[in-house]
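1. Sequence first, predicted model second:
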2 protein chains.
Amino acid sequence: MKRDKGLLIVLSGPSGVGKGTVCGALRKHDTHIRYSVSATTRNPRTGEVDGVNYFFKTKEQFEHMIENNQLLEWAKYVDNYYGTPRTYVEETIASGHDVILEIEVQGALQVKETFPEGVFIFLMPPSLKELRNRIEGRGTETKDLIDSRMTIAKDEIELMDKYDYVVENDEVEAAVERIKAIVTAENCKKERLIDKYKELVEE
Amino acid sequence: MKRDKGLLIVLSGPSGVGKGTVCGALRKHDTHIRYSVSATTRNPRTGEVDGVNYFFKTKEQFEHMIENNQLLEWAKYVDNYYGTPRTYVEETIASGHDVILEIEVQGALQVKETFPEGVFIFLMPPSLKELRNRIEGRGTETKDLIDSRMTIAKDEIELMDKYDYVVENDEVEAAVERIKAIVTAENCKKERLIDKYKELVEE
């Protein structure tokens, strides 16, 4: 059945929960979901490709995008900008395809202001202890920085209320299956289908 | 994660759409869904077992159940009563297990009055022509009766608006997968999980 509009799916959650890993695993599944690519001013790491991992921009280019309302959401971390280009997302859902954004909690709340009809998924660690283990496991951060990340994570979990779904990331493939199920279920929502079926009856 | 309450899932749709076939196929999958058994006053057919296919009741027993509010929904078709015993459904969801009812459209709307928080799924034929083919395929009904069933089906499709989800029964296993996805997604709904996670943060 032809669809008028695709779903905007937002996958978010506290830093360290494994958003990138889950989204990467989802991409290996045969779904019809399209993936939004973020823009950033940080330098490409070895192997990263412009337009695949990120759209790499200069500070001037990025600020121009902000000024011209070309970003659905953006934030500055440390000294670099990160954001979601608006056009790709809007064109993809307008053409009837589902699109997923993998973004930080603050960015997700910005997107919700523009797209309240989006599907907002909060990725949750099995426990706070496990979240700490995952952040420590990266081995890149001092104890103070880890403590500060944990405080932010707790605040972000309080924002769960703004989301539609909570997916526990106990195991990556299990989390992926839950996200796929959410997308399937959302595409079966009565609100999204009823007009087409009313046409069917009137034929 | 322990759950307080299970889901009440109601699978309904026009006569001939294949509710029984889809529900039978779902039972062969390894889900944790429990199945409600209807009560009826019709005679058992060969091979049907009391308490498995139906609870077989006398007319007096059934009317006693109606009077004592022991049925979530009931209806009379031709000369026989059909209904859903209340206790099994209430005890199953109270114990944290999901339960599915496979019932007619009018019965589903009765259940919705008692359980507005239920998950109401409307099983839809791919087209009205296909629905007619399926009813004709049974080879048990006259043209007049088929026409009358089609009129009822159209009226029932108008009631789709009262449901949460619409699942197309184009192919039985595809419909089963959609229903399983809906159950998974509903179990990830924020409203059902937020209290547990708030406890997690406060630990």
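-> Sure thing, it's come through.

2. excluding its backbone neighbours, what's nearest residue A:15?
-> In this structure, residue A:15 finds its nearest non-sequential neighbour in residue A:149, 5.9 Å apart by Cβ to Cβ, 6 or more residues apart in numbering or on different chains. For every residue, glycine as well, the C-beta is placed using N, CA and C.

3. And the pLDDT at the one you found?
-> Looking at residue A:149, its pLDDT reads 86.

4. ditto for residue A:164
-> pLDDT at residue A:164 comes out at 97.

5. Please identify the buried residues of stretch A:17-34?
-> Buried residues in stretch A:17-34, counted by 16 or more other Cβ atoms under 10 Å in any protein chain shown: A:17, A:18, A:19, A:22, A:23, A:26, A:33, A:34.

6. likewise stretch A:196-203?
-> By neighbour count on 16+ other Cβ under 10 Å, the buried set for stretch A:196-203 is A:197, A:200.

7. and if you look at stretch A:170-187?
-> Using 16+ other Cβ under 10 Å as the test for burial, stretch A:170-187 gives A:175-187.

8. Closest to residue A:59 out of those residues?
-> Nearest to residue A:59, judged by Cβ to Cβ, of these is residue A:179 at 33.9 Å.

9. I'd say that closest one and residue A:27 touch.
-> No - at 11.4 Å, residue A:179 and residue A:27 do not qualify as touching, with contact defined as Cβ atoms under 8 Å.

10. filter the buried residues of stretch A:170-187 by proximity to chain B?
-> A:177, A:178, A:180, A:181, A:182, A:184, A:185, A:186 (Cβ under 8 Å from any Cβ of the partner chain).

11. give me the element the first one is part of.
-> Right, residue A:177. Residue A:177 is located in helix A:172-187, with elements delineated by DSSP states H and E.

12. I'd like the next helix or strand past that helix.
-> Following helix A:172-187 in sequence, per DSSP H and E, is helix A:190-202.

13. helices or strands next to the lowest-mean-pLDDT helix or strand in chain A in the packing?
-> The weakest-scoring helix or strand in chain A, judged by mean pLDDT, DSSP states H and E, is helix A:190-202 (a mean of 83). Helices and strands touching helix A:190-202, by 3 or more Cβ pairs under 8 Å, 6 or more residues apart in numbering or on different chains; DSSP states H and E, are helix B:143-158, strand B:165-168.

14. which residue packs closest to the residue most central in space within chain A, ignoring adjacent ones?
-> Nearest to the geometric centre of chain A sits residue A:102, at 2.3 Å (Cα atoms, centre = their mean). Leaving aside its sequence neighbours, residue A:102 sits nearest to residue A:23 (Cβ to Cβ, 6+ apart; 4.3 Å).

15. Next up, the contacts around that neighbour.
-> Listed by Cβ atoms under 8 Å, 6 or more residues apart in numbering or on different chains, the contact set of residue A:23 reads A:11, A:35, A:100, A:102.

16. Show me what from chain A comes close to chain B.
-> So far as Cβ under 8 Å from any Cβ goes, chain A lies against chain B at A:1, A:121-122, A:124, A:127-128, A:154, A:157-158, A:160-161, A:163-168, A:177-178, A:180-182, A:184-186, A:188-190, A:193-194, A:197-198, A:200-201, A:203.

17. Count residues in the vicinity of residue A:47, would you?
-> A count of nearby residues for residue A:47, using other Cβ atoms under 10 Å in any protein chain shown, gives 7.

18. Can you add pLDDT and give the buried residues of stretch A:170-187 back as a markdown table?
-> Formatted as a markdown table, the buried residues of stretch A:170-187 follow (pLDDT from 0 to 100):
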| residue | pLDDT |
| --- | --- |
| A:175 | 98 |
| A:176 | 98 |
| A:177 | 97 |
| A:178 | 97 |
| A:179 | 98 |
| A:180 | 97 |
| A:181 | 97 |
| A:182 | 98 |
| A:183 | 97 |
| A:184 | 97 |
| A:185 | 98 |
| A:186 | 97 |
| A:187 | 95 |
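
19. Which parts of chain A are helices?
-> Here chain A has its helices, by DSSP state H, at A:19-27, A:59-67, A:86-94, A:105-114, A:128-137, A:143-158, A:172-187, A:190-202.

20. closest to residue B:93 out of those helices?
-> Closest approach to residue B:93 among the helices of chain A is made by helix A:172-187 (19.4 Å; Cβ to Cβ).

21. ok now the closest one, how far from the chain's centre?
-> Taking Cα atoms, centre = their mean, to the nearest Å, one finds helix A:172-187 lying 14 Å from the centre of the chain it belongs to.

22. That one - contacts with which helices or strands?
-> Contacts defined by 3+ Cβ pairs under 8 Å, 6+ apart place helix A:172-187 against strand A:8-12, helix A:19-27, strand A:119-124, strand A:165-168, helix B:172-187.

23. Other residues contacting the last one?
-> Among residues not part of helix B:172-187, those counted as contacts by Cβ under 8 Å, 6+ apart are A:165, A:177-178, A:180-182, A:184-186, A:188, B:3, B:7, B:9, B:11, B:18, B:21-22, B:25-26, B:29, B:31, B:33, B:98, B:119, B:121, B:123, B:165, B:167-169, B:192.

24. Would you mind getting the angle between it and helix B:190-202?
-> Helix B:172-187 runs at 40 degrees relative to helix B:190-202, counting by axes from the mean of the first three to the mean of the last three Cα atoms, to 10 degrees.

25. what's the angle from helix B:172-187 to strand B:119-124?
-> For helix B:172-187 against strand B:119-124, the angle by the same axes, to 10 degrees is 160 degrees.

26. for the third one, same thing?
-> Between the direction of strand A:119-124 and that of strand B:119-124, the angle (the same axes, to 10 degrees) works out to 130 degrees.

27. what lines up beside strand A:119-124 in the sheet?
-> Neighbouring strands of strand A:119-124 in its sheet, by DSSP bridges, are strand A:8-12 (parallel), strand A:165-168 (parallel).

28. Rebuild those strands as TSV, extending it with mean neighbour count.
-> Output for those, formatted as TSV (neighbours: other Cβ atoms under 10 Å in any protein chain shown):
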stretch	mean neighbour count
strand A:8-12	25
strand A:165-168	24
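
29. want to throw those strands into JSON lines with distance to residue B:52?
-> Output for the strands paired with strand A:119-124, formatted as JSON lines (distance: least, Cβ to Cβ, whole Å):
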{"stretch": "strand A:8-12", "distance to residue B:52": "41"}
{"stretch": "strand A:165-168", "distance to residue B:52": "35"}
